[in-house]
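A.B. asks: Curious how this folds, go ahead:
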Amino acid sequence: MSQASPTPAAARDGERPLVVRIVHASPGRIRAKVPREAFESMTLRQAEEALLAVDGVQAVTRNPTASSVLVRYDPAVATVPALFAALVDKNVTIVAPDEAERSPGRGGPRTTVARWLATPFRQSDQTLAEATNHTIDVRTLLPIGLAALAAREVLSGRAHMAPWYTLAWWAFDSYLKLQRPEVVARLPNE
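C.D. replies: Now for the predicted structure:
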């Protein structure tokens, strides 16, 4: 695990730092796991106040049941490094998932079979993008194809194989998932 571990005065005086583990980050949202016992600590309150003082931070929501804290911010105003920098002197240790820890399908290491299956699709995607002067790629073509199948099923009156609404949902869902930007939370001083 990669860690950002500042040494604020409180940590030097023997107080244990609050360790938060980033579990999800997307534009405008960061979710972190926090130990249950920390929910009533002064350190968490100070960290929350520091985050709320950052321009663009809209809310810091605690969820003791899930043992997590959600930070919502305007990505056009606030940046992840600015959020992490606000916690440097607050006795907070931020732990981000390392590349090796990410689960397959979520940007993490792939199995041999997954790499073997992905290679021809990646090459096809590059070839298609270059052939169309980067107008279209497989990530866009797949949902369009599924949407066309859904429309064909509706217009032909046949709904034998997959119902039109299933194909329409697959088109919509795959488009959203395939167009999602990869968000990499960078720690301060990296």
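A.B. asks: And the pLDDT at Met79?
C.D. replies: One correction, residue 79 is Thr, not Met. The score at Thr79 is 87. That number is its pLDDT.
A.B. asks: That one: neighbouring residues, count only.
C.D. replies: 14 (other CB atoms under 10 Å). Where you see a C-beta, it was placed from the backbone N, CA and C, and this is true even at glycine.
A.B. asks: Likewise for Arg158?
C.D. replies: 10.
A.B. asks: Provide the secondary structure category for it.
C.D. replies: With DSSP: H, G, I helix; E, B strand; the rest coil as the basis, Arg158 sits in coil.
A.B. asks: contacting residues around it?
C.D. replies: By CB atoms under 8 Å, 6 or more residues apart in numbering, the contact set of Arg158 is empty.
A.B. asks: And Ile136, by the same measure?
C.D. replies: 128-129.
A.B. asks: Confirm Val20 sits in a helix?
C.D. replies: No: assessed by three-state DSSP, Val20 does not belong to a helix; its assignment is strand.
A.B. asks: Chain neighbours aside, what residue packs nearest to it?
C.D. replies: Ranked by CB to CB, 6 or more residues apart in numbering and with sequence neighbours excluded, the top spatial neighbour of Val20 is Ala32, at 4.2 Å.
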